[in-house]
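Student: A structural model of the following input is requested.
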Amino acid sequence: MSVLADEDTILQGGYSVEDLQRIVGALYRVHRLVAVLTDLEQLLSSISEESRHVARAEASSLMLFDPETEELYFRVALGESGDQEALKRGIRLKLGQGIAGMTAQSRSSIMVADVTKDPRFFPGVDSAIQFQTRNLLAVPMIDRDTLIGVLEVVNKIGEETFSPLDLRVMEMFSSIAASVVSNARLIEEHIRNERFAAIGQAITTLSHHTKNIVTGLSSSADLIDMGLQNGNIDILKRTWPVFKRSTKRVSNFVQDMLTFSKTRAPIREQCTAAFLIGEAQETFTELFARKNITLNVDTKQAAKPVWVDPEALYRCLINLLINAAEAVPEDNGCISITARTLENDTLEILVDDNGPGVPEAHWERIFDPFFSTKGSQGTGLGLAVTRKIAREHGGDITVGEAPKGGASFRMAIPAMAGPTKEVLGV
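Tutor: Just a heads-up that it's a prediction; the model follows:
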């Protein structure tokens with residue numbers, strides 16, 4: 001709706017300069033609010049308040065139409081008297097019930113100078129909120145031929161009833177309010193559909209990953225049972241490591257979900273980079289030996305202790321090493337971990353591999369929850385959790401191209417002071 005067009009319409013009515021200034025000012029205020037406010041409740045309250053102010057009414061209300069029940073319910077209720085909250089708690093009007101119901105049913109404005117002389121007036125609302133209505137003006141809210149609700153002002157201040165000017169202005173405000181509600185509903189529906197799609201993707205991804213783990217556990221358990229029944233130690237020796245790896249995968253999977261699901265402040269301790277990396281390195285000794293992966297570690301440039309959450313950074317390193325181990329070639333896999341302390345005492349940890357690398361188009365997406373290039377083999381949580389932990393430390397993690405052509409993950413953790421305490425790893 002054009003504000004200038006509204007002004008031209010009003011000017012033709014021969015109204016006072018004071019009236020025009022009040023109305024045009026209110027229209028501009030509402031149009032500015034529509035442009036900047038994203039809170040629907042606040043926006044509708046502002047529109048209702050401006051309507052009450054411009055029409056010089058004691059009270060105003062904005063009712064929305066529920067198409068499923070074909071009833072009007074109060075979304076906003078403003079006034080100097082009466083229990084306004086009671087309106088929003090449970091009072092509903094059917095189509096044709098009261099002035100508001102008639103306005104909605106007929107889709108046309110209704111102005112009543114004396115409600116005691118109008119049989120359409122429904123006194124039940126007044127009784128419920130201990131309020132006395134003398135006169136009122138109700139206008140329908142319609143957007144693209146769809147009934148959205150009814151905007152109403154009650155009890156003209158200083159005059160016997162509302163004027164034709166009040167009617168024109170209220171119709172302008174109702175048009176704006178109807179458009180605002182329609183747009184908000186479209187946005188809410190879009191967000192809801194996206195959320196459902198994301199939930200469905202997450203469930204599918206997690207289900208596939210869980211199924212793979214359970215399949216490995218079940219197969220190992222069957223072989224262990226067979227070995228125990230037949231007294232075959234060779235089967236037990238071959239199967240037990242597989243069973244252990246599957247249980248470890250379950251543990252990592254559950255820990256990633258727990259870490260991702262809630263925000264937590266790091267529990268900081270003073271430790272060295274060599275200690276942090278050494279803990280993760282021990283975890284992968286067997287896996288790297290079995291897959292013939294070479295691991296090079298260099299922490300000479302990061303001798304200075306740092307204040308971090310060792311358990312949380314252990315999870316980061318575990319996820320990065322798992323990611324690298326799954327990417328490198330089977331025969332000559334090579335992973336490098338380099339730690340160094342930068343000039344501003346930021347701890348930088350680089351994890352490079354000689355795998356196929358990450359396409360530049362995925363450098364940001366790879367940290368999104370449930371985004372994975374591994375199909376059903378990955379959850380898409382590991383790198384998301386790693387970035388979450390890094391950012392909880394005030395740092396971040398990025399990915400680029402490694403010197404050997406694979407992926408290079410760079411995690412930076414800024415310096416943080418803490419109480420004097422025994423240094424882990426010294």
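Student: from here on, contacts and neighbour counts on C-alpha atoms
Tutor: Fine.
Student: Check the offset of the host helix or strand of residue 348 from the chain's centre.
Tutor: Under the criterion of DSSP states H and E, residue 348 resides in strand 347-353. Between the centre of strand 347-353 and the centre of its host chain there is 31 Å, according to C-alpha atoms, centre = their mean, to the nearest Å.
Student: can you check stretch 53-70 too?
Tutor: The gap between where stretch 53-70 is centred and where its chain is centred comes out at 30 Å by C-alpha atoms, centre = their mean.
Student: residues in contact with the strand or helix carrying residue 281?
Tutor: Per DSSP H and E, residue 281 falls inside helix 273-283. Applying C-alpha atoms under 8 Å, 6 or more residues apart in numbering, the external contacts of helix 273-283 come out as 299, 302-303, 305-306, 310, 313-314, 317-318, 339, 424-425.
Student: Filter the residues you listed down to the buried ones and hand me the PyMOL line.
Tutor: A single PyMOL command selects the buried members of these (16 or more other C-alpha atoms under 10 Å):
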select buried, resi 299+302+305+306+310+313+314+317+318+339+424
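Student: tell me which of the contacts of helix 273-283 is nearest to residue 236?
Tutor: Nearest to residue 236 among the contacts of helix 273-283: residue 318, at 27.6 Å, using C-alpha to C-alpha.
Student: so who does that closest one touch?
Tutor: The contact partners of residue 318, by C-alpha under 8 Å, 6+ apart, come to residue 280.
Student: Just to be sure, it is in a helix?
Tutor: Yes. Secondary structure of residue 318 (DSSP: H, G, I helix; E, B strand; the rest coil): part of a helix.
Student: Looking at the contacts of helix 273-283, which one is closest to residue 180?
Tutor: The closest of the contacts of helix 273-283 to residue 180 turns out to be residue 313 (C-alpha to C-alpha; 46.5 Å).
Student: That closest one and residue 389 touch, don't they?
Tutor: Yes. Applying C-alpha atoms under 8 Å, one finds residue 313 in contact with residue 389, separated by 7.3 Å.
Student: Could you list the domains of this structure?
Tutor: Listed domain ranges for the chain are 3-189, 210-261, 269-413 (source: automatic domain parsing).
Student: Just put those in a markdown table and tack on mean pLDDT.
Tutor: Shown next, in a markdown table, are the domains of the chain (pLDDT from 0 to 100):
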| stretch | mean pLDDT |
| --- | --- |
| domain 3-189 | 79 |
| domain 210-261 | 69 |
| domain 269-413 | 86 |
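Student: Touching, residue 390 and residue 397? I think so.
Tutor: Yes. If you go by C-alpha under 8 Å, residue 390 and residue 397 touch, sitting 6.6 Å apart.
Student: between these two, what contacts are shared?
Tutor: Contacts common to residue 390 and residue 397, judged by C-alpha under 8 Å, 6+ apart, are 411, 412.
Student: can you give me the helices in the stretch 151-300 of the chain?
Tutor: Remark: helices assigned in the stretch 151-300 of the chain by DSSP state H, counting those that start in this stretch are 164-230, 233-261, 273-283, 285-290.
Student: buried set for the last one?
Tutor: For helix 285-290, burial by neighbour count (16+ other C-alpha under 10 Å) applies to residue 288.
Student: Output the contacting helices and strands for that helix.
Tutor: Where contact means 3 or more C-alpha pairs under 8 Å, 6 or more residues apart in numbering; DSSP states H and E, helix 285-290 is not packed against any helix or strand.
Student: Name the surrounding residues that touch that helix.
Tutor: Helix 285-290 is touched from outside by 294, 295, 325, with contacts defined as C-alpha under 8 Å, 6+ apart.
Student: what is residue 307 paired to in the beta sheet?
Tutor: On the basis of DSSP bridges, residue 307 is bridged to residue 270.
Student: Neighbours of it, how many?
Tutor: Residue 307: 22 surrounding residues under other C-alpha atoms under 10 Å.
Student: Confirm residue 41 sits in a strand?
Tutor: No. Per three-state DSSP, residue 41 lies outside any strand segment and is helix.
Student: Residue 266 reaches residue 311, doesn't it?
Tutor: No. Residue 266 lies out of contact with residue 311 (C-alpha under 8 Å); the separation is 9.2 Å.
Student: These two: which is more packed in?
Tutor: residue 266 (18 against 14).
Student: which residue sits closest to that one in space, ignoring its chain neighbours?
Tutor: Nearest non-adjacent residue to residue 266, counting by C-alpha to C-alpha, 6 or more residues apart in numbering: residue 309, 5.3 Å away.
Student: residues in contact with the one you found?
Tutor: Residue 309 is in contact with 266, 267, 268, 269, counting by C-alpha under 8 Å, 6+ apart.
Student: Please report the distance of residue 360 from residue 324.
Tutor: According to C-alpha to C-alpha, to the nearest Å, residue 360 and residue 324 sit 17 Å apart.
Student: I should have written residue 358 there, sorry.
Tutor: As judged by C-alpha to C-alpha, residue 358 and residue 324 stand 11 Å apart.
Student: Please apply the same query to residue 121.
Tutor: Distance of residue 121 to residue 324, given as C-alpha to C-alpha: 74 Å.
Student: Those two - which one has more neighbours?
Tutor: Per other C-alpha under 10 Å, whichever of residue 121 and residue 324 has more neighbours is residue 324, with 25 against 21.
Student: now the helix or strand that one falls within and strand 347-353, what's the angle there?
Tutor: Assigned by DSSP H and E, residue 324 belongs to helix 310-327. Helix 310-327 and strand 347-353 are oriented at 20 degrees to each other (axes from the mean of the first three to the mean of the last three C-alpha atoms, to 10 degrees).
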